[in-house]
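Visitor: requesting a structural model of the entry that follows:
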Amino acid sequence: MAERIHPSAIIEDGAVIGENVTIGPWSIVGAHVRIGDGCEIGAHVVLSGHTEIGRNNRIFPFCAIGCEPQDKKYGGEATRLIIGDGNTIREHCTFSTGTVQDGGMTRVGDDNWVMANVHIAHDCQVGDHTILANNVTLAGHVHLGDWVILGGLTAVHQFTRIGAHSMCGGGSILLQDLPPFVTVTGNPAAPHGVNSEGLRRRGYSAEAIAAVKRAYRVLYRNGKTLAQAREEIEAMTQATPELAVLRDFLCADSQRGIVR
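Guide: Predicted structure coming up:
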């Protein structure tokens, strides 16, 4: 393992490094960091805090991963950052640990593509297979479902939920919850249909996509209240189980309300 760690890198006592890990010049690995097998850590990367990184992740130069939360309430508690497997984290990204005011943990799932200058704040929960384009900013306590795509320069308000398979156009300001399957853009972000192409690429049938479009019309085009839309989408779920993710999202507690 030693020959894969550049001699200028600083590995603090207590750090745990897996097999076949590469660590580039001038990088720092803190005492409470765990790095899984097969990871590639570029030059000038700082891994700090109580941070656990899974297997086969690529972290590019000048990232700061596991730093203290940007929250004035933070008092030095041993909160955590957990990163799954197979993620690509490009240059200059910053991921914070959690706070005790939430679950004490920031979590990033598997197989995410995180482009340059992305900030993932304290207590965020990021699912699997997401794409966060350059300069995406997630404020604290944001939750992203699987297969979410956020265009470059998108900013997401704290405590916002973003549902699976949804998509946010570049430069958008997302102030409220974004339901699954829905595409939005603008400041503030407004709905503009369904992420049909994404669903096709992920193997959704034509019938399921048509049902998603009908559910979208119920939620956004038929003049129904949110309660009425939830009830109708609940009934639609009986025939189209793929709509369960939308039904569950609409029935869950929300601190921000949904984009409508």
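Visitor: and the helices in the stretch 151-260 of the chain, which stretches?
Guide: Along the stretch 151-260 of the chain, counting by DSSP state H, counting those that start in this stretch, helices occupy 196-201, 206-220, 226-237, 244-251.
Visitor: now render the ones you listed as CSV, adding distance to residue 70.
Guide: In this view, the C-beta of every residue, glycine as well, is placed from N, C-alpha and C. Converted to CSV, the helices of the stretch 151-260 of the chain look like this (distance: least, C-beta to C-beta, whole Å):
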stretch, distance to residue 70
helix 196-201, 31
helix 206-220, 34
helix 226-237, 33
helix 244-251, 28
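Visitor: can you put the ones you listed in TSV and add mean neighbour count?
Guide: Below are those laid out as TSV (neighbours: other C-beta atoms under 10 Å):
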stretch	mean neighbour count
helix 196-201	15
helix 206-220	18
helix 226-237	16
helix 244-251	19
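Visitor: residue 75: which of those is closest?
Guide: Residue 75 lies closest, by C-beta to C-beta, to one member of these: helix 244-251, at 33.4 Å.
Visitor: just how off-centre is the closest one within its chain?
Guide: On the basis of C-alpha atoms, centre = their mean, to the nearest Å, helix 244-251 sits 19 Å off its chain's mean C-alpha point.
Visitor: circling back to that earlier point, could you dump the helices of the stretch 151-260 of the chain into CSV with distance to residue 164 and mean pLDDT added?
Guide: As requested, those are exported to CSV (distance: least, C-beta to C-beta, whole Å; pLDDT from 0 to 100):
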stretch, distance to residue 164, mean pLDDT
helix 196-201, 10, 97
helix 206-220, 11, 98
helix 226-237, 15, 97
helix 244-251, 5, 98
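Visitor: tell me which of those sits nearest to residue 26.
Guide: helix 196-201 (38.9 Å).
Visitor: helices and strands around the closest one, which ones?
Guide: Under the contact definition 3 or more C-beta pairs under 8 Å, 6 or more residues apart in numbering; DSSP states H and E, helix 196-201 sits against helix 206-220.
Visitor: state the phi and psi torsions of the residue most central in space within the chain.
Guide: Central residue of the chain (C-alpha atoms, centre = their mean): residue 126, 2.9 Å from the mean position. With angles defined as degrees, to the nearest 10, residue 126 sits at phi -110, psi 130.
Visitor: in this structure it contacts residue 111, no?
Guide: No. Look at residue 126 against residue 111 with C-beta atoms under 8 Å: they stay out of range, at 11.1 Å.
Visitor: any idea how far residue 54 is from residue 86?
Guide: Relative to residue 86, residue 54 is positioned 8 Å away (C-beta to C-beta, to the nearest Å).
Visitor: re earlier: right, so of the helices of the stretch 151-260 of the chain, which gets closest to residue 76?
Guide: Of all these, helix 244-251 comes closest under C-beta to C-beta, at 35.2 Å.
Visitor: against which helices or strands is the closest one packed?
Guide: Looks like helix 244-251 contacts helix 206-220, helix 226-237 (3+ C-beta pairs under 8 Å, 6+ apart).
Visitor: neighbouring contacts of it?
Guide: 145, 161, 163-165, 177, 179-181, 212, 215, 219, 226, 229-230, 233-234, 237, 258 (C-beta atoms under 8 Å, 6 or more residues apart in numbering).
Visitor: now stretch 82-92
Guide: 36, 51-63, 65, 95, 105-118, 128.
Visitor: now swap in stretch 13-22 and tell me
Guide: 1, 4-5, 11, 23, 29-41, 55.
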